[in-house]
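J.: Provide a 3D model corresponding to the input given below.
(one chain, ligands or ions: 1)
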Amino acid sequence: MNTLQVAKLVGVHKDTLLRWLRAGHVLEPGRDRRGWRDWSEDQVQHVLKYARGEVSQTIAIPPNDQAIETLKTLDWDFAEAKTNYLTHGLHPYPAKFIPQIPNALIQELSSVGGVVLDPFCGSGTTLVEALTLKRHAVGVDANPIACLVSRAKTTRLTARDIESLRNLSDPLMSLRARFGSGQQPLFAPSGFQDVRTPDSKQIQFWFVPHVITELSHLKSLCLALPSLPAQTLALAVFSSIIVSVSRQDSDTRYVRRDKNVQPGDTVRRFLRALESAIERAAEFADLVEDRFTCRVFQSSVLERPMVGSVDLVVCSPPYPNAYSYHLYHMTRMLWLDFDPAPFKAIEIGSHRKYSKKGNNGATVETFKSEMKTVFGWLNEVVKRHGYCCFVIGDSILNGRTVSNSELLTGVAREFGFGLDADITRHLQDAKKSFNPKIGKIREEHVLIFKNRGKSRV
Ligand SMILES: C[S@@+](CC[C@H](N)C(=O)[O-])C[C@H]1O[C@@H](n2cnc3c(N)ncnc32)[C@H](O)[C@@H]1O
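T.: This is a model prediction of the structure:
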């Protein structure tokens, strides 16, 4: 039913019903494909009870089974979808999922005003979608780069923040003119203080001298910004260009290769990325109301962070033996003063832990036991009847394929989560598998679990 029909049935004016919604006396219903409110039978009954004075406070109405059926009929390949709208394209991130995945799950499995958690939030894709769909967002990630990017992508810039960021363009233009002139940047451009260039051996190994000078100037400009939101956005943009101007082969290969980065290129890239980020972040701030909050915790999920109670979980967890984020993000961490060692120690799935070279002897049992901790925690955090959605493909361990979806389904069941749907989605051929031992992963599973209550463990 639409809002007018419900108001008529209940016997109130449509504006009254909208006021009850704003005050939180009745819960927001889901939305149809056009974004209009679509009231289910249960929700209408709740409004009727509220109008008769039979309920005085908001009761969470679980999404009905129809939601799962709707999700099963979607085309999950999203082959033609545009994926870098709003702040989504701010920073590269290995294995980030396309925003259409969390968008569909959040729309169907939670209500406006609900709380959506991504316990492996990475670059914050779920958080951005939750906020634009009028939900509160909570993200957890052990990787400090992930937390910086998630915060930057979800920050609500004020007009003043935007102005201070736009004001960077003058100093940046003069830096560019200075460094791009082909002269050796032995001293600061006029009007600039000399900046201290880091003397770390690692930085010298991964970056050529003129890039080190340019990055040092850029970093000091970012840190001099007057507000935390502006600094966060600028530092995320700074982080976004680092691999491209370093000698690190690519975002997912930690080997040295010379790239012929010319003097001035680093400032030019930063300037271009910053201009685009300001526009995107301003658009995001216009769209998302301040009353929808976003909290990002830098923590290992294995420590069961205190995130409060949530309505829905949407995530793509790390795969065993696939990614080594602490390595891929090492050069970024060097510049942002993050220590990679604590993250390396707690990173789940890291290729290094599973490879013979890593000497850590991690096996499929390691991953299983980590997922047990995660589902034990989720059983307490996710409201009863709330959903947990995990997007995951297979791994190769010691030459054998491991079905991570089966593994997760077994673990989830032990901890009170029933499997409501297992949907297969095909990955685009263009999607590179960066770990040659893994080969091309061609499909992944969207697993939808429902919290049925007490854990059996
Ligand atoms: C596949 S990525 C998630 C990508 C995310 N869905 C996105 O769209 O950007 C998995 C994430 O798990 C994080 N991670 C690995 N070990 C973790 C741990 N112990 N606690 C929390 N996060 C962890 C990694 O840092 C990485 O960001």
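
J.: going forward, measure contacts and count neighbours with C-alpha atoms only.
T.: Noted.

J.: got the domain boundaries for the protein?
T.: 3-51, 65-143+289-324+337-451, 159-287 (automatic domain parsing).

J.: confidence-wise, which of those is weakest overall?
T.: Note on the domains of the chain: lowest mean pLDDT is at domain 3-51, with a mean of 81.

J.: first-to-last residue distance for that domain?
T.: 15 Å (CA to CA, to the nearest Å).

J.: dihedrals phi and psi, the closest residue to Ile203 other than its chain neighbours?
T.: Leaving aside its sequence neighbours, Ile203 sits nearest to Leu334 (CA to CA, 6 or more residues apart in numbering; 7.0 Å). Torsion angles at Leu334 (phi, psi; degrees, to the nearest 10) stand at phi -60, psi -40.

J.: report pLDDT for Leu334.
T.: So Leu334 comes in at 93 (pLDDT).

J.: what's around it, how many residues?
T.: By the measure other CA atoms under 10 Å, the count of residues near Leu334 is 16.

J.: same check on the one 4 residues further on?
T.: The burial metric for Phe338, expressed as a neighbour count using other CA under 10 Å, is 15.

J.: how far away is the residue nearest to Ile203 from Leu378?
T.: Distance from Leu334 to Leu378, by CA to CA: 33 Å.

J.: again, but for Cys389
T.: According to CA to CA, Cys389 stands 11 Å off from Leu378.

J.: over to Thr197?
T.: In terms of CA to CA, Thr197 sits 45 Å off from Leu378.

J.: compare the two (neighbour count), which wins?
T.: Set Thr197 next to Leu378 and count neighbours by other CA under 10 Å: Leu378 wins out with 24 against 14.

J.: any idea which element that one lies in?
T.: Remark: Leu378 resides in helix 364-381, with elements defined by DSSP states H and E.

J.: angle of the very next helix or strand once past that helix against helix 364-381?
T.: Later in the chain than helix 364-381, the nearest helix or strand by DSSP H and E is strand 382-392. Calculated by axes from the mean of the first three to the mean of the last three CA atoms, to 10 degrees, strand 382-392 forms an angle of 150 degrees with helix 364-381.

J.: circling back: I'd like the domains of the chain as CSV, with distance to the ligand appended.
T.: Converted to CSV, the domains of the chain look like this (distance: least, CA to the nearest ligand atom, whole Å):
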stretch, distance to the ligand
domain 3-51, 23
domain 65-143+289-324+337-451, 3
domain 159-287, 13
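
J.: return the most buried member of those domains.
T.: Among the domains of the chain, domain 65-143+289-324+337-451 has the highest mean neighbour count (mean count of other CA atoms under 10 Å), at a mean of 19.

J.: who touches the helix of greatest length in the chain?
T.: Looking across the chain with DSSP state H, the single longest helix is helix 265-287. Contact with helix 265-287 is made by 85-87, 90, 132, 153-158, 162, 165-166, 169, 172, 175-176, 180, 211, 214-215, 218, 233-234, 237-238, 241, 245, as judged by CA atoms under 8 Å, 6 or more residues apart in numbering.

J.: likewise stretch 417-427?
T.: 68, 72, 76-77, 379, 409, 412-413, 441-453.

J.: check contacts around the closest residue to Arg253 other than its chain neighbours.
T.: Setting aside the residues directly before and after it, Arg253 is nearest to Tyr328 in space (CA to CA, 6+ apart), at 6.6 Å. With contact taken as CA under 8 Å, 6+ apart, Tyr328 is in contact with Asp251, Thr252, Arg253, Tyr254.

J.: same question, Glu303
T.: Counting by CA under 8 Å, 6+ apart, Glu303 has no contacts.

J.: wait, is Ile98 part of a strand?
T.: No: residue state for Ile98 (DSSP: H, G, I helix; E, B strand; the rest coil) corresponds to coil; a strand is not indicated.

J.: for it, list the residues it contacts.
T.: Thr83, Thr125.

J.: how far away is it from Ile145?
T.: Distance from Ile98 to Ile145, by CA to CA: 19 Å.

J.: repeat for Asp337
T.: For Asp337, the distance to Ile145 - CA to CA - is 11 Å.

J.: quick one: the helices in the stretch 201-350 of the chain, in order.
T.: Assigned by DSSP state H, counting those that start in this stretch, the stretch 201-350 of the chain shows helices spanning 201-206, 209-223, 228-245, 265-287, 325-328, 330-336, 340-346.

J.: between the second one and helix 228-245, how many degrees?
T.: Spelled out, it's helix 209-223. Going by the same axes, to 10 degrees, helix 209-223 makes 170 degrees with helix 228-245.

J.: between helix 209-223 and helix 265-287, how big is the angle?
T.: 30 degrees.

J.: against which helices or strands is helix 209-223 packed?
T.: Here helix 209-223 touches helix 228-245, helix 265-287, going by 3 or more CA pairs under 8 Å, 6 or more residues apart in numbering; DSSP states H and E.

J.: one more time with 10 Å
T.: Counting contacts by 3 or more CA pairs under 10 Å, 6 or more residues apart in numbering; DSSP states H and E, helix 209-223 packs against helix 169-179, helix 201-206, helix 228-245, helix 265-287, helix 330-336.

J.: for it, list the C-alpha coordinates in CSV.
T.: The C-alpha trace of helix 209-223 is given here as CSV (Å, rounded to 0.1, in the frame of the first residue of the first chain):
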residue,chain,number,x,y,z
PRO,A,209,63.6,11.8,-4.7
HIS,A,210,61.5,14.4,-6.5
VAL,A,211,58.3,12.4,-5.7
ILE,A,212,59.4,12.4,-2.0
THR,A,213,59.7,16.2,-2.0
GLU,A,214,56.3,16.7,-3.7
LEU,A,215,54.6,14.3,-1.4
SER,A,216,56.1,16.0,1.6
HIS,A,217,54.7,19.3,0.5
LEU,A,218,51.3,17.8,-0.2
LYS,A,219,51.1,16.1,3.2
SER,A,220,52.0,19.3,5.0
LEU,A,221,49.2,21.2,3.1
CYS,A,222,46.7,18.5,4.0
LEU,A,223,47.7,18.6,7.7
